[in-house]
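A.B. asks: I would like the atomic coordinates for the input below:
(chains A and B)
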Amino acid sequence: MAWTKKILRVNLTQGKVASEALNMDWARKYLGQRGLASKYLTEEVDPKVDALSPGNKLIFATGPLTGTMASTAARFSVITKSPLTGTIACSNSGGYFGAELKYAGWDMIILEGKSPKPVVLIIENDKARLEPANELWGKSVWEADAGIKQRFQSPEMKVAGIGGAGENGVLFAAIVNDLHRAAGRSGVGTVMGSKNLKAIGVRGTLGVGNIHNPAKFMEAVGAGKAVLKANAVTGQGLPTYGTQVLMNVINESGALPTRNFKEVQFESAGKISGEAMHAKRPDGSANLLTTQACFGCTIACGRVSKIDPTHYTVKDKPQYQKASGGLEYENAWSLGADTGVGDLEAITFVNFLCNEHGMDPITFGATVAAAMEMYEAGAITDKDTGFPLKFGSAEALIKCAELTAKGEGFGKMLGLGSKRMCEKYKRPEMSMTVKGQEFPAYDARGIQGMGLSYATSNRGACHLRGYTVSSEILGIPVKTDPLSTEGKAPLVKAFQDATAVVDSSGLCLFTTFAWGMNEIQPQIQAACGEEFTVDYLMTLGERVWNLERRFNNAAGLTAKDDTLPQRLLKEAAKTGPAKGKVNELGKMLPQYYELRGWSSDGVPTKDTLQRLGL
Amino acid sequence: MAKALHITVEKCTGCLQCEMACSYEKEQVFNPSHSMIRVFHFHDEGRYVPYTCTQCAEAWCMQACPVDAIKLDATLDRKVVVNASCVGCKVCTIACPFGTINYQPHTGKVAKCDLCGGDPACAKFCPTGAISFVDADIPGYLKMKAWAAKTSPQVA
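C.D. replies: Just a heads-up that it's a prediction; the model follows:
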């Protein structure tokens, strides 16, 4: 059956831990990870709760396939109410932590209340306990990782935790595991910090063995791996360039937001691209040292980089001259194109800082970009910032990262995210956000479907809820015209529902460059049970989507929030294939609501809820 | 012809499919902590290194065992732990210079790589070819070939 059927419930207020049985009816209806934990959250947390109050809960959840030999079965998600968006938040991560948690015998950890003092949660198989954080509080993610392994004498322990950003209430703090994998978005790390929980250390030696049909499972995962290997994106593009394979492609499509979305093409895209990471320096080394797979992954898109030790950013700082997590496409965009910084080594350094201190690099970079625009427009000055903050300044970007993580000076303002920051300076139009969360690296003027995907995403602007870039740019599974709105409503819905299934299974979304439901479903069915047919799973995905939507509606969000910043709706793209285009959200949204079975004000109808068993 | 596991470190991505495959082959459970092959991560250097028993000819584990629980299987050129004889005294784990035979608390016996009866699961499931199962005299030859390839082309 693939689930461990056990939940670890941790009451931080009382300092108590308890084991409870997984609700198997819910597991069959919501699968695992994103879907199942969202069900628990919506049952246990008032949607109107203050996200940073003890009434909010924080759930770490694995999927039924996590820790198995299915390719990419490393994933776990962190589910909570977001302090950044006020919506339900679900941030997904890879690395090794998720599989380790499963091997310790737990499908999920539900953390509730607030610890009176900073603590760490230590899990060794079926034994779990809270320990005082002591000297670990105040330490970076990297120091805490080493500190926990040392203090608890468990070198194989896997650690997920927060750094300065999470401790200091930065609203986009990430939870970082295995040093540089992250449940990055929506401020899940801020919630962890608000609960005085520094980190979770887990060691699991029990394994996963209760597969429904082992022979069929091994056959299905084997077939799946062969498909990944034969596919151009998962077999060549991602292993060679990582997600950074996209930098030049998206720039050429005229959909690379540049300088806070004022432009859609970046003149230095080539300098911060995947190809640039491979380029040899005079001494024969390169920014990219090697690739790294997450647990069980046969794609291996992860980047491991080493900054040029003579570069000014790290020259006198040996701790940053070691190899660490390199640039992914989204981060290279937010720290690079969006801020106008074209220095690969400098943005690699800022990426290191984001991992070290536990910050979402997308929201961080985009917030700096908004501040840069305000600075150039004269809405803020050196008096506010303490230093010049112009587009293209790597020095300013680095300074911003350090101040934000520490919660000092102008960093306090940046730590609010761009929406709150721009409102404070009375320039709300300069915040490039949906529902308070910053966009990732695709301009909705050049990729129309992404506009609808962003506007309707249940966690605010995000590329991981309905990645129609696949279809509109890469032609997967079928090519659609990125500049047309036609057919985009059903496309977005189909991507959103399928993604909800993948995010609930333990698998990585990147498999879907090669896998469709025909590859994914047999793996889930063989692991979990015969009832998991393709139709059953697609309905399950739609159920998860509507469950999240219902939480958001109850939290006070309405159809008015399903929109895009005026810049994308009114200011046309200046160059490239999308020149002269704005995003035509208005043409897509009504059809989307209709297809979803929602009223014209974006609320699921009674019939829809009934059909989905909600 | 005898075959041996051959590891090409540069090809390893650290995915641990080999560890899962090993434990699944032996116990029908995905459990890297019971794997006979281990991948070590040297994070700061960006290196992942799979390591397992090399099936030494003069196997120290076999020589040291006081109850004769480690046997040579000449057909596959492997050393195998006989569970019925092993008393879990751990002397072999001290004798092995490489640390590749280990005591398993959950069984009370030692365990080591036995090449899965001639079709090692780790090699079968390695997605990058970092672990292969080849003729025992090939590994050195491959290294030699790699070095030979680095020589300068002949000047005409």
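A.B. asks: Any stretches of chain B with poor pLDDT?
C.D. replies: Along chain B, the model assigns pLDDT under 70 to residues B:154-156.
A.B. asks: Break it into its domains for me.
C.D. replies: According to automatic domain parsing, chain B comprises the domains B:1-52+B:116-150, B:55-112.
A.B. asks: just those domains: most buried one?
C.D. replies: Counting by mean count of other C-beta atoms under 10 Å in any protein chain shown, domain B:1-52+B:116-150 has the highest mean neighbour count of the domains of chain B, with a mean of 18. Placement of C-beta: from N, CA and C, glycine included.
A.B. asks: Figure out how far that domain is from the centre of its chain.
C.D. replies: 7 Å (C-alpha atoms, centre = their mean, to the nearest Å).
A.B. asks: Ok, stretch A:533-543 next?
C.D. replies: Relative to its parent chain, stretch A:533-543 has a centroid offset of 23 Å by C-alpha atoms, centre = their mean.
A.B. asks: likewise stretch A:106-116?
C.D. replies: On C-alpha atoms, centre = their mean, the centre of stretch A:106-116 falls 21 Å from that of its chain.
A.B. asks: Next: stretch A:403-414.
C.D. replies: The mean C-alpha position of stretch A:403-414 is separated from the chain mean by 22 Å, C-alpha atoms, centre = their mean.
A.B. asks: Ok, stretch A:236-254 next?
C.D. replies: 19 Å.
A.B. asks: again with stretch A:220-239
C.D. replies: Averaged C-alpha coordinates place stretch A:220-239 at 23 Å from its chain's average position (C-alpha atoms, centre = their mean).
A.B. asks: for the record, mean pLDDT for it?
C.D. replies: Averaged across stretch A:220-239, pLDDT comes to 97.
A.B. asks: still on that earlier bit, between the domains of chain B, which one is nearest to chain A?
C.D. replies: Among the domains of chain B, domain B:1-52+B:116-150 comes nearest to chain A, with 2.7 Å by C-beta to the nearest C-beta.
A.B. asks: circling back: can you add distance to A:Leu589 and give the domains of chain B back as TSV?
C.D. replies: Listed next are those as TSV, based on distance: least, C-beta to C-beta, whole Å:
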stretch	distance to A:Leu589
domain B:1-52+B:116-150	41
domain B:55-112	57
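A.B. asks: Just put the ones you listed in a markdown table and tack on distance to chain A.
C.D. replies: Output for these, formatted as a markdown table (distance: least, C-beta to the nearest C-beta, whole Å):
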| stretch | distance to chain A |
| --- | --- |
| domain B:1-52+B:116-150 | 3 |
| domain B:55-112 | 8 |
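A.B. asks: beta partners for A:Gly460?
C.D. replies: Note on A:Gly460: beta-bridge partners by DSSP bridges are A:Asn458.
A.B. asks: And it, how far from chain B?
C.D. replies: A:Gly460 is 32 Å from chain B, where distance means C-beta to the nearest C-beta, to the nearest Å.
A.B. asks: Quick check: the gap between A:Phe532 and A:Ser77.
C.D. replies: A:Phe532 sits 19 Å away from A:Ser77, going by C-beta to C-beta, to the nearest Å.
A.B. asks: The two: who's more crowded?
C.D. replies: Neighbour count, other C-beta atoms under 10 Å in any protein chain shown: between A:Phe532 and A:Ser77, A:Ser77 has more, with 29 against 23.
A.B. asks: in which helix or strand would I find that one?
C.D. replies: strand A:76-81 (DSSP states H and E).
A.B. asks: for A:Glu345, same thing?
C.D. replies: Going by DSSP H and E, A:Glu345 is part of helix A:344-357.
A.B. asks: Run through the neighbouring helices and strands of that helix.
C.D. replies: In terms of contacts (3 or more C-beta pairs under 8 Å, 6 or more residues apart in numbering or on different chains; DSSP states H and E), helix A:344-357 is packed against helix A:141-151, strand A:324-325, helix A:329-332, helix A:361-376, helix A:394-406.
A.B. asks: Show me what from the stretch 251-400 of chain A comes close to chain B.
C.D. replies: Counting by C-beta under 8 Å from any C-beta of the partner chain, the residues of the stretch 251-400 of chain A close to chain B are A:289-298, A:300, A:304, A:306, A:322-324.
A.B. asks: re the thing from before, figure out which of the domains of chain B is closest to A:Glu402.
C.D. replies: Proximity of those to A:Glu402 was assessed by C-beta to C-beta; the nearest stretch is domain B:1-52+B:116-150, lying at 22.0 Å.
A.B. asks: Quick one: end-to-end length of that closest one, please.
C.D. replies: 30 Å (C-alpha to C-alpha, to the nearest Å).
A.B. asks: count of neighbours near A:Gly487?
C.D. replies: Going by other C-beta under 10 Å, the residues that sit close to A:Gly487 add up to 15.
A.B. asks: Check the residue lying closest to it once chain neighbours are set aside and give its pLDDT.
C.D. replies: Closest residue to A:Gly487 apart from its sequence neighbours, by C-beta to C-beta, 6 or more residues apart in numbering or on different chains: A:Thr480 at 6.1 Å. pLDDT recorded at A:Thr480 is 98.
A.B. asks: in which helix or strand would I find A:Thr480?
C.D. replies: Taking DSSP H and E as the definition, one finds A:Thr480 inside no helix or strand.
A.B. asks: can I assume it is in contact with A:Leu491?
C.D. replies: Yes - taking contacts as C-beta atoms under 8 Å, A:Thr480 lies within contact range of A:Leu491: 6.4 Å.
A.B. asks: follow-up on the earlier one: can you tell which of the helices and strands packed on helix A:344-357 is closest to A:Met421?
C.D. replies: Per C-beta to C-beta, nearest to A:Met421 of these: helix A:361-376, 6.3 Å.
A.B. asks: tell me the angle of the closest one relative to helix A:394-406?
C.D. replies: Here helix A:361-376 runs at an angle of 120 degrees relative to helix A:394-406 (axes from the mean of the first three to the mean of the last three C-alpha atoms, to 10 degrees).
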